[in-house]
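Participant: pasting a predicted model and its sequence here:
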Amino acid sequence: GDVAVVVPAAGAGVRLGPGAPKALRLLDGEPLLVHAVRRAAAAPSVRVIVVAAPAAEVESVRVLLAPIAPVTVVAGGAERQDSVAAALDVVPDDVGIVLVHDAARCLAPADLFESVAAAVRDGADAVIPALPVVDTIKQVATDGTVLGTVDRSVLRAVQTPQGFRLPVLRAAHAAAADLHTDDAGAVEKLGRPVVCVPGSDFALKITRPLDLALATHLLTLA
Ligand code: C5P
C-alpha cells in the first residue's frame, strides 16, 4: 500500500446531544470510530492509519482500536484542522498519498477510499468525493429574507475521505492562516487544483440524532 489515512476523531459532537465524544458514540453497539477504522483498513491500498483522539481518550482509543487494525493514536486539538495537523505530523514521508477521513463518516466504504486514492495516483494533487445537491438552496439575509436562489447544478456536497499527494497537504496545512472546514479548502487557497470523484450515500456525516437512526438502517444494507 502507498496510502496513509488520517482520521480526525477529537470532536465533542455537541450537535448530537449530550454524551461521549462523537467518535466514541455507539452505532449498533460499536463506537463510530471503530466502524470508520474497520472500513479504512479494509481498503487494500491503505498501509498506515493515524487517529487524532480527544486528549483524555488517547490511551483508551489505542486499546479500542488495537484489535481492529494497526493504528497510531495521537492527541487532537481544539479545531478539526489542529487534529488533522497533529496526525499529519506522524505520517511517514514515504507514503505517497494521504487520505483525510472524518470519524463521523463512519460508513464510508473501502471502495470509496480506493477510488479517491486511485484518482490521486493517476496524477491529481487533491481529490474529493462529492454528490449533487438535492435541495433547492437559497441565499438568505440574517433576518430571514430570501436574497435569491442559487443554481444548484453547479453545487456539490463534499464528503471524506479526501485524498492528497502528501507534500501538497503538508504545504497547505503549513500555509493555512485561518479556519477551513475541509482539507481541500486549504489546498484551494494555495491555488492548486482540486477534483471531484463520485461520493457515496454511505459516507454521510453523522451530525444530528436523525443521522444515527439512518446509519443504523444503512448498516443492515451494507
Ligand atoms: O464537528 P464535525 O462533524 O464537523 O467534525 C468532523 C470530524 O472532525 C469529526 O470526526 C470530529 O471528531 C473531528 N474533529 C476533530 N477535532 C476537533 C473537532 C472535530 O478531530 N477539534
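Facilitator: Arrived safely.

Participant: around the ligand, pick out the residues from the protein.
Facilitator: Within the chain, the positions near the ligand by Cβ under 6 Å from any ligand atom are 8-11, 22-23, 52, 76-80, 83, 102-104, 205, 207. To be clear about C-beta, it is placed using only N, CA and C from the backbone, and glycine gets the same treatment.

Participant: which residues in this protein form strands?
Facilitator: Using DSSP state E, the strands of the chain run over 3-8, 26-27, 30-31, 46-53, 72-75, 97-100, 126-132, 137-140, 146-150, 156-158, 162-165, 195-198.

Participant: now, of the ones you listed, which is deepest in the fold?
Facilitator: Compared across those, strand 3-8 shows the largest average neighbour count, a mean of 29 (mean count of other Cβ atoms under 10 Å).

Participant: direction included, what does it pair against?
Facilitator: Taking DSSP bridges as the criterion, strand 3-8 sits next to strand 46-53 (parallel), strand 97-100 (parallel) in its sheet.

Participant: helices of the protein, residue ranges please.
Facilitator: 32-41, 58-65, 80-88, 110-121, 166-175, 183-189, 209-221 (DSSP state H).

Participant: helices or strands next to the fifth one in the packing?
Facilitator: If you count contacts as 3 or more Cβ pairs under 8 Å, 6 or more residues apart in numbering; DSSP states H and E, helix 166-175 packs onto helix 80-88, strand 97-100, helix 183-189.

Participant: wait, which of the helices of the chain is closest to residue 15?
Facilitator: Proximity to residue 15 (Cβ to Cβ) singles out helix 209-221 among the helices of the chain, at 8.9 Å.

Participant: how far off helix 32-41 does that closest one point, in degrees?
Facilitator: 40 degrees (axes from the mean of the first three to the mean of the last three Cα atoms, to 10 degrees).

Participant: about what we covered before: mean pLDDT and distance to residue 212 added to the strands of the chain, as a markdown table?
Facilitator: Formatted as a markdown table, the strands of the chain follow (pLDDT from 0 to 100; distance: least, Cβ to Cβ, whole Å):
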| stretch | mean pLDDT | distance to residue 212 |
| --- | --- | --- |
| strand 3-8 | 98 | 19 |
| strand 26-27 | 96 | 6 |
| strand 30-31 | 97 | 12 |
| strand 46-53 | 98 | 20 |
| strand 72-75 | 98 | 24 |
| strand 97-100 | 98 | 23 |
| strand 126-132 | 98 | 20 |
| strand 137-140 | 97 | 25 |
| strand 146-150 | 97 | 29 |
| strand 156-158 | 98 | 19 |
| strand 162-165 | 98 | 23 |
| strand 195-198 | 98 | 25 |
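
Participant: and those as JSON lines, adding distance to residue 90?
Facilitator: As requested, the strands of the chain are exported to JSON lines (distance: least, Cβ to Cβ, whole Å):
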{"stretch": "strand 3-8", "distance to residue 90": "9"}
{"stretch": "strand 26-27", "distance to residue 90": "27"}
{"stretch": "strand 30-31", "distance to residue 90": "22"}
{"stretch": "strand 46-53", "distance to residue 90": "6"}
{"stretch": "strand 72-75", "distance to residue 90": "6"}
{"stretch": "strand 97-100", "distance to residue 90": "11"}
{"stretch": "strand 126-132", "distance to residue 90": "21"}
{"stretch": "strand 137-140", "distance to residue 90": "39"}
{"stretch": "strand 146-150", "distance to residue 90": "40"}
{"stretch": "strand 156-158", "distance to residue 90": "26"}
{"stretch": "strand 162-165", "distance to residue 90": "16"}
{"stretch": "strand 195-198", "distance to residue 90": "27"}
